[in-house]
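> no sequence on this one, just coordinates:
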Ligand code: NAD
């Protein structure tokens, strides 16, 4: 059966019936205006949980944070925070009146109902971009989006816990650092790392590579994206002209200088030029928004400006060119891999696109999760992020300091990495170590509300969360802290080309786990819980869940934090024990994780 036809009735409305459906643009910008979350300890909602959801929604759309705030796009191609500006207004108005025993329901960025629940229940439940699997195609999604029925929630865009490029920086750093350890005997010093895509997430790459001591050459077709990363100190320099940029990067690599070079170019042009010149990068990856051939990726034939026009004029022709470019892109990556590059897919599904469009060797290089991350998933480790609702950087510095004390460096390798990371976030780490917060300075600019990220595992996340809650209760921190995470986590996602690629038992596409994760977080009392489809790798390729929990200093918050921040990472242990990973088995044994089938 063709995946876009309805199984029961030919008269049943809608589903896209041919792949040639023309996509009419829905006007996401109607009513656009700049928004910025309120700061400070005053409430405009009736509970801190609702207040936090409102501030974080606004923060996602803050022009300092979002990639295209007018169109409600936060990051990741067309990852949106709300269905429309009218829906945004309705969400904010509802959160302001929401009682502390009520729960707001959000369907693809639109507030669709309020139900009476209880105090321990989440204040908001969010479902974004979910389509019954048989119809879960890009064409079908585009049709629904054009009708104004749905948004692409990405991972943290529609679930209101995006914190700007820092949100991915530490994970990106962990990946490049692990690549240095595993593939180059220690670090990336003196290694040339080539990539593309300097957007919301991809913009973390140049800084992550240099933090891991490597030299980075990064291409983007949109000059303004490179400029933004220069302004935020994520990128060191932009060199005009393909050859001049390559020469500069090669020279820096030769002298082992950890500097990042941006070039305003299409990735395909950059890689094909490297091949022509016989220059083989040591490390090769990509973070263009290849998961979205229409809005996210620019074919080699077009400049950025030409692409803007072409995709509106003839979306179908545009996507054909886009997919053909991805084939060239991946072919060049595989060729460079054959010449010696360590190549890996960085979670944008570009291999699948190339495979589907005729390049049989597209999966010659691995995804970054099996290559560098899975072992951490096996012990429940994953991203842990927190945001100071006060808007005061000092509150984040205080949490930084608290974590350094709570997780002493000498205890284990992960604590050592935590210390290196937290201290690396500061221009003046001595001030932090001395508790001299007035003289602390961030190494990279804040985007929106001050926030921090690090990776924690089972037994660590709850300790950190409870510590923050105590600090709020004692008044050491001036307003509540919000604790959440990316959907890219150890037990929250089914994504066979990314987080669950190559699982030991072959269970890559089984998404029961992601659903269980969402349900566990609801049952545990997270402040808001989300379930999305298509994040990271695009429609049809993933299902995933997220949670955010507020530390407002109350005893109720402490109980919820203890439950959520234990049960959420525990899903990673369940997932990986079930799939047969020995590291997860060991972890389950050490931590008395209750697994009836073991
Ligand atoms: P984004 O849309 O904000 O940025 C993509 C960038 O790629 C843009 O700046 C765009 O101009 C550029 N680009 C597009 N086509 C290009 C081409 N052919 N050559 C050069 N530049 C090109 O997206 P983002 O938030 O940075 O995410 C990038 C990709 O990474 C997405 O597919 C996303 O789903 C995926 N992602 C990966 C992870 C991870 O942890 N690995 C996390 C989040 C997102």
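It's in. If you're wondering where the values come from, they're calculated on a predicted model, not measured in any experiment. Numbers count the residues shown, from 1 in each chain.
> Look at the residue of the stretch 151-300 of the chain found nearest the ligand and give its secondary structure.
Taking C-beta to the nearest ligand atom, the ligand has its nearest neighbour within the stretch 151-300 of the chain at residue 199, 1.8 Å off. (C-beta placed from N, C-alpha, C; glycine too.) Here residue 199 is coil, with the state taken from DSSP: H, G, I helix; E, B strand; the rest coil.
> Nearest residue to it in space, please, no chain neighbours.
In space, and not counting its chain neighbours, residue 199 is closest to residue 225: 5.6 Å by C-beta to C-beta, 6 or more residues apart in numbering.
> And for the residue of the stretch 151-300 of the chain closest to the ligand, the neighbour number?
21 (other C-beta atoms under 10 Å).
> Offset the numbering so it begins at 665, please.
Sounds good: first residue 665 from here, last item residue 863.
> so who does it touch?
By C-beta atoms under 8 Å, 6 or more residues apart in numbering, the contact list for residue 863 reads 731, 739-740, 884, 886, 889, 951-953.
> Among those, which ones are in helices?
residue 889 (DSSP state H).
> filter the contacts of residue 863 down to the ones close to the ligand.
If you filter the contacts of residue 863 for contact with the ligand, counting by C-beta under 6 Å from any ligand atom, you are left with 731, 739-740, 884, 886, 889, 951-953.
> Relative to residue 1045, which of the residues you listed is nearest.
When those are compared for distance to residue 1045 (C-beta to C-beta), residue 951 wins out at 21.7 Å.
> who's in contact with the nearest residue to the closest one once chain neighbours are set aside?
Nearest residue to residue 951, sequence neighbours excluded (C-beta to C-beta, 6+ apart): residue 866, at 3.3 Å. Contact analysis of residue 866 by C-beta under 8 Å, 6+ apart lists 859-860, 882, 884, 951-952, 1010.
> so what does the lengthiest strand in the chain touch, helix or strand wise?
Scanning the chain for the longest strand, with DSSP state E as the assignment, gives strand 1207-1215. If contacts are counted by 3 or more C-beta pairs under 8 Å, 6 or more residues apart in numbering; DSSP states H and E, strand 1207-1215 sits against helix 712-725, helix 1125-1137, strand 1145-1148, strand 1157-1158, helix 1176-1188, strand 1192-1197, helix 1219-1242.
> The ligand versus residue 1161, what's the distance?
Separation of residue 1161 from the ligand (C-beta to the nearest ligand atom, to the nearest Å): 11 Å.
> and that residue, what does it touch?
1009, 1013, 1015-1016, 1031, 1201, 1205.
> Kindly report the same for residue 1046.
1040, 1119-1121, 1149-1150, 1152-1154, 1156, 1233, 1236.
> any low-confidence regions in the stretch 665-814 of the chain?
665-688 (pLDDT under 70).
> hmm, 50 instead?
665-678, 681-685 (pLDDT under 50).
> related to what we said a few turns ago, quickly check: the longest strand of the chain near the ligand or not.
No - Strand 1207-1215 is not in contact with the ligand by C-beta under 6 Å from any ligand atom; minimum separation 11.2 Å.
> How far away from the center of its chain is that strand?
Distance of strand 1207-1215 from the chain centroid (C-alpha atoms, centre = their mean, to the nearest Å) equals 13 Å.
> so which of the contacts of residue 863 comes closest to residue 1212?
Nearest to residue 1212 among the contacts of residue 863, with distances taken as C-beta to C-beta, is residue 739, at 16.7 Å.
> was I right about the closest one contacting residue 730?
Yes - between residue 739 and residue 730 there is a contact at 7.3 Å, judged by C-beta atoms under 8 Å.
> what do these two both touch?
Joint contacts of residue 739 and residue 730 (C-beta under 8 Å, 6+ apart) are residue 826.
> Give me the three-state assignment for the residue of the stretch 1115-1262 of the chain found nearest the ligand.
Checking the stretch 1115-1262 of the chain residue by residue against the ligand with C-beta to the nearest ligand atom singles out residue 1200 as nearest, at 4.2 Å. At residue 1200 the chain is in coil, as set by three-state DSSP.
> and residue 953, what does it touch?
Residue 953 makes contact with 740-741, 861, 863, 959-961, 1012 under the criterion C-beta under 8 Å, 6+ apart.
> Distance to residue 1244 added to these, as TSV?
Below are the contacts of residue 953 laid out as TSV (distance: C-beta to C-beta, whole Å):
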residue	distance to residue 1244
740	32
741	34
861	34
863	36
959	39
960	35
961	36
1012	28
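> Around the ligand, pick out the residues from the protein.
So the chain meets the ligand at 731, 739-741, 832, 835, 860-866, 883-886, 889, 930-931, 951-955, 960-962, 1010-1012, 1152, 1200 (C-beta under 6 Å from any ligand atom).
> now the strands for the stretch 865-1014 of the chain?
For the stretch 865-1014 of the chain, the strands defined by DSSP state E, counting those that start in this stretch cover 879-884, 901-902, 924-928, 947-948, 1006-1007.
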